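> A structural model of the following input is requested.
(one chain, ligands or ions: 1)
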Amino acid sequence: MADKYGIKATLDRLGIKEINSGATTGTVWFETTGKVIESFAPADGELIGKVQEASKEDYNKIMETAKEAFKVWREVPAPKRGEIVRQMGLELRKYKEDLGRLVSYEMGKIYQEGLGEVQEMIDIADFAVGQSRQLYGFTMQSEREKHRMFDHYEPLGIVGVISAFNFPVAVWAWNTMLALIAGDTVVWKPSSKTTLCAVATHNIMANVLKANNLPEGIINLVIAGSKVLGDDFLDDKRMPLISVTGSTAIGRRVASRVGQRLGRTILELGGNNAIIVSKEADLDMALRAIVFGSVGTAGQRCTSTRRLIVQEDIYDSLVQRLVKAYESVAQKIGHSLNPDTLVGPLIDKGSVEAYSWAIGEAQKEGGKVLFGNKVLSGEGFETGTYVVPTIVEAENHYNIVQEETFAPILYIMKYKTIEDAIELHNNVPQGLSSAIFSRNMLETELFISGSGSDCGIANVNIGTSGAEIGGAFGGEKDTGGGRESGSDSWKIYMRRQTTTINFGTSLPLAQGLKFDF
Ligand code: NAD
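Reported below is the predicted structural model:
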């Protein structure tokens with residue numbers, strides 16, 4: 001392996017071997033016997049390592065261990081569970097550069113974004129530590145004399161986490177840190193495109209489990225293709241909650257299978273995020289946000305900016321500036337670990353095909369390519385995974401504009417009035433992230449009002465991409481309605497119980513009911 005970026009040493013420090021087990025209950029790795037999957041770097045096509053998938057038997061062993069561990073873990077007081085999470089955050093700090101580098105290499109996002117992803121893990125760990133002392137319920141006034149009523153939150157059980165390739169480690173942390181303080185155990189089924197990131201994360205976490213002599217089964221990893229472990233995972237009643245991050249198509253499947261057994265889901269699905277740029281916007285700020293949102297992570301964020309809705313008076317000048325910015329970004333397409341790179345590769349050739357196909361569809365529907373539409377080849381681009389970020393002048397009703405294409409394609413369109421802009425904005429199936437750039441308070445307030453953006457995230461003078469962990473993260477409509485990370489998202493990882501205590505000496509019935517015998 002060419003090792004210009006110090007990958008070998010990183011893999012060693014992260015405990016990644018040539019062939020890695022795809023199943024662990026925390027510190028014990030199974031001798032797996034399933035299919036061997038190879039992980040290639042999208043940036044240079046090098047083989048990074050292999051993972052041997054878990055079998056059905058391995059999975060069952062993991063689930064039974066997680067079930068037993070739950071009985072122990074739920075007895076640990078929440079702030080003490082928080083202390084374990086605190087140590088996990090510290091351990092992640094130690095490995096931030098190495099894990100960030102592996103995320104960048106295996107997934108293809110640039111190193112800065114790999115570091116940012118690990119920072120999100122650390123941030124949610126810190127958040128969860130504080131939250132572990134704040135699992136509040138309400139107290140209510142009873143209608144009966146000498147009665148006390150309150151609700152309280154109790155551990156739920158085993159939480160299944162299915163994660164997408166584009167945030168190979170952060171999504172696990174958003175779910176797991178909260179699930180842990182909630183008293184739950186976790187079984188993680190990562191994307192088969194980023195398995196080594198999952199193995200590395202578990203290796204790091206194992207240090208904390210060992211140092212605290214924790215039982216096996218609190219955090220678990222099972223790597224297996226959907227043939228071995230697809231619907232069976234979803235149908236498994238041992239998991240009262242499954243959190244899935246992925247495309248809307250997969251989310252629908254998860255929701256219907258888990259719904260059949262009346263399990264709970266957190267659905268974090270695709271987006272089709274837009275920025276409205278008013279003629280009263282600070283265009284310098286808007287430009288920065290648009291470019292980062294549309295080309296960052298090579299357009300492979302759920303919150304990537306996919307549509308730009310621009311007031312007609314400033315349309316031409318903004319387009320001009322945007323094309324210029326894209327021209328300079330296009331000079332910085334390259335290896336994800338090269339510090340000069342701003343745009344890395346797409347995850348695989350399938351994504352490149354989707355990119356080219358989508359641009360073709362937009363053109364067929366009448367769209368005009370203003371920049372890009374190019375798959376790069378030649379020196380440094382031999383993998384065929386590099387594309388030039390693209391701007392297409394389009395109309396919102398095009399079928400392709402209504403879809404999420406997981407690639408750097410920005411559809412740009414005009415509006416006259418703010419009401420038109422909001423109408424266009426909301427007229428897509430998805431509802432994840434949204435933004436307006438304007439210094440006019442009447443417009444910005446309208447945008448975040450009940451008649452404004454219909455998304456889970458609505459930003460003012462900030463782009464669509466890159467949320468802080470302190471807020472509840474998720475979206476409406478085809479994005480699935482789930483919320484995770486900050487705010488009161490912790491509640492879904494717990495079961496809520498309402499209790500009434502009678503400290504009197506009679507037994508009055510509610511609603512004044514008489515039942516004398
Ligand atoms: P994907 O839908 O192809 O896969 C998501 C996960 O589902 C993977 O781990 C995959 O292995 C698993 N999976 C597939 N079939 C399954 C089955 N039958 N049973 C159980 N699991 C199954 O998505 P992807 O390509 O990895 O990620 C990109 C998508 O994820 C985009 O649509 C993006 O918008 C979305 N995403 C959403 C958020 C969010 O928070 N809303 C965050 C990141 C990514």
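> Look through this protein and state the residue closest to the ligand.
Proximity to the ligand, evaluated over the chain using Cβ to the nearest ligand atom, is greatest for G246 at 2.6 Å. Where you see a C-beta, it was placed from the backbone N, CA and C, and this is true even at glycine.
> and the stretch 151-300 of the chain, which of its residues are near the ligand?
Residues of the stretch 151-300 of the chain lying close to the ligand by Cβ under 6 Å from any ligand atom are 162-167, 191-192, 226, 230-231, 233-234, 245-247, 250, 253, 268-271.
> Tell me the spatial nearest neighbour of the residue positioned nearest the centre of the chain, not counting adjacent residues.
Residue closest to the mean C-alpha point of the chain, counted by Cα atoms, centre = their mean, is V171 at 4.5 Å. With sequence-adjacent residues excluded and distances taken as Cβ to Cβ, 6 or more residues apart in numbering, V171 is closest to S163, at 4.2 Å.
> can you list the domains in the protein?
With domains defined by automatic domain parsing, the chain comprises 3-269+480-496, 273-468.
> Tell me which other helices or strands the helix ranked longest in the chain touches.
Taking DSSP state H as the criterion, the chain has its longest helix at helix 111-131. On a contact count with 3 or more Cβ pairs under 8 Å, 6 or more residues apart in numbering; DSSP states H and E, helix 111-131 meets helix 78-94, helix 96-107, helix 170-181.
> and the ones you listed, which is most packed in?
helix 170-181 (a mean of 28; mean count of other Cβ atoms under 10 Å).
> could you give me the average pLDDT of that helix?
Here helix 170-181 scores 98 as its mean pLDDT.
> then the very next helix or strand once past it to PDB, C-alphas only?
The first helix or strand that comes after helix 170-181 along the chain, using DSSP states H and E, is strand 185-189. This file holds the C-alpha atoms of strand 185-189, laid out as PDB (Å, rounded to 0.1, in the frame of the first residue of the first chain):
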ATOM      1  CA  THR A 185     -27.700  -1.600  25.400                       C
ATOM      2  CA  VAL A 186     -26.900  -1.100  21.700                       C
ATOM      3  CA  VAL A 187     -26.400  -3.300  18.700                       C
ATOM      4  CA  TRP A 188     -24.900  -1.600  15.800                       C
ATOM      5  CA  LYS A 189     -25.300  -2.700  12.200                       C
END
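> Partner strands of strand 185-189, with direction?
strand 158-162 (parallel), strand 219-222 (parallel) (DSSP bridges).
> Format these as CSV; extra columns: mean pLDDT and mean neighbour count.
Output for the strands paired with strand 185-189, formatted as CSV (pLDDT from 0 to 100; neighbours: other Cβ atoms under 10 Å):
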stretch, mean pLDDT, mean neighbour count
strand 158-162, 98, 26
strand 219-222, 98, 28
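> could the ones you listed go into TSV alongside distance to G481?
As requested, the strands paired with strand 185-189 are exported to TSV (distance: least, Cβ to Cβ, whole Å):
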stretch	distance to G481
strand 158-162	16
strand 219-222	26
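> Tell me which stretches of the chain form helices.
7-13, 56-73, 78-94, 96-107, 111-131, 170-181, 195-211, 231-235, 248-260, 283-295, 312-330, 349-364, 418-426, 441-447.
> could you dump the domains of the chain to a markdown table with distance to A510?
Below are the domains of the chain laid out as a markdown table (distance: least, Cβ to Cβ, whole Å):
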| stretch | distance to A510 |
| --- | --- |
| domain 3-269+480-496 | 7 |
| domain 273-468 | 36 |
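> Which among those domains is found nearest to L513?
domain 3-269+480-496 (11.0 Å; Cβ to Cβ).
> which sections of the stretch 301-450 of the chain are below the confidence cut-off?
Applying pLDDT under 70 to the stretch 301-450 of the chain picks out no residues at all.
> Near the ligand, which residues of it? Just list them.
302, 404, 406, 432.
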